[in-house]
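Visitor: just the structure for this:
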Amino acid sequence: LIGLVIRTAVVRRPDVGYILACDPKKERMDIQHTISFTWKSGKFNRGEANFSAHSCCIIQDPELSFVKVGGSGSYSIETQRGVTVGNIFNNSLPRPQKARYGEVRSVSEIGSKAYAVGLRGMVYRLDDTKRWTRLDEGLPESFNIQAIHGFRASDLYAVGRSGDFWHFNGKK
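Guide: Numbering: from 1, shown residues only. The predicted structure is shown next:
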């Protein structure tokens, strides 16, 4: 990790965890990249991705997975079967009435699923390795969501810039 900048990390068990990092030189040159480290039983394994992941979580549904997301909507899902990559904006339904522009800010595990949020009121839930469900109908584009958490799909809390705070109770 010498010379790298840690972006974020998540722990699955005391003997398994993940770190997302970047090379500051590549970052200054605006080269999209992520250097990831898996900590397993006292040893680090290094991997690299060609998108700038800055948020991650571990989920159980649709299967045990390590999920990474980047601002452009790029994502990867690591499972026991391998790695799936894609773009949230391209792999989501229902389609928005007008094109979505903004940045994905974070991904969190809620009720065993991954929820990704972003600028201009974007909220997505991962329902399959290649399918995100868009949940943001009715949120204002002015809601620049920075993070989401909750206890279950019907009890979500999102915070944004300028002190914005929203709660979803399963109906509105």
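Visitor: need the contact list for the residue of the chain most remote from its centre.
Guide: Of all residues in the chain, residue 42 has its C-alpha farthest from the mean position, at 25.9 Å, by CA atoms, centre = their mean. Shown in contact with residue 42 (CB atoms under 8 Å, 6 or more residues apart in numbering): residue 15. Heads up, the C-betas are built off the backbone N, CA and C, glycines and all.
Visitor: mind pulling up the pLDDT for it?
Guide: Residue 42 is assigned a predicted lDDT (pLDDT) of 90.
Visitor: residue 14 versus that one, what's the distance?
Guide: 11 Å (CB to CB, to the nearest Å).
Visitor: now do residue 106
Guide: 24 Å.
Visitor: the spatially closest residue to residue 154 that is not a sequence neighbour: how many residues sit nearby?
Guide: For residue 154, ignoring the flanking residues on the chain, the nearest one in space by CB to CB, 6 or more residues apart in numbering is residue 170 at 2.9 Å. Residues near residue 170, counting by other CB atoms under 10 Å, number 9.
Visitor: so what's residue 170 up against?
Guide: 153, 154, 155.
Visitor: just the element for it, please.
Guide: Counting by DSSP states H and E, no helix or strand carries residue 170.
Visitor: start to end distance for stretch 99-118?
Guide: 14 Å (CA to CA, to the nearest Å).
Visitor: so which residue is smack in the middle of this protein?
Guide: residue 107 (3.0 Å).
Visitor: just checking, that one touches residue 114?
Guide: Yes - counting by CB atoms under 8 Å, residue 114 is a contact partner of residue 107 at 5.4 Å.
Visitor: shared neighbours, the two?
Guide: 57, 67.
Visitor: ramachandran angles for the residue nearest to residue 154?
Guide: phi 100, psi -20 (degrees, to the nearest 10).
Visitor: can you give me the distance of it to residue 39?
Guide: 37 Å.
Visitor: check residue 65 too.
Guide: According to CB to CB, residue 65 and residue 39 sit 17 Å apart.
Visitor: now do residue 80
Guide: 17 Å.
Visitor: ok, those two, which is more surrounded?
Guide: residue 39 (17 against 7).
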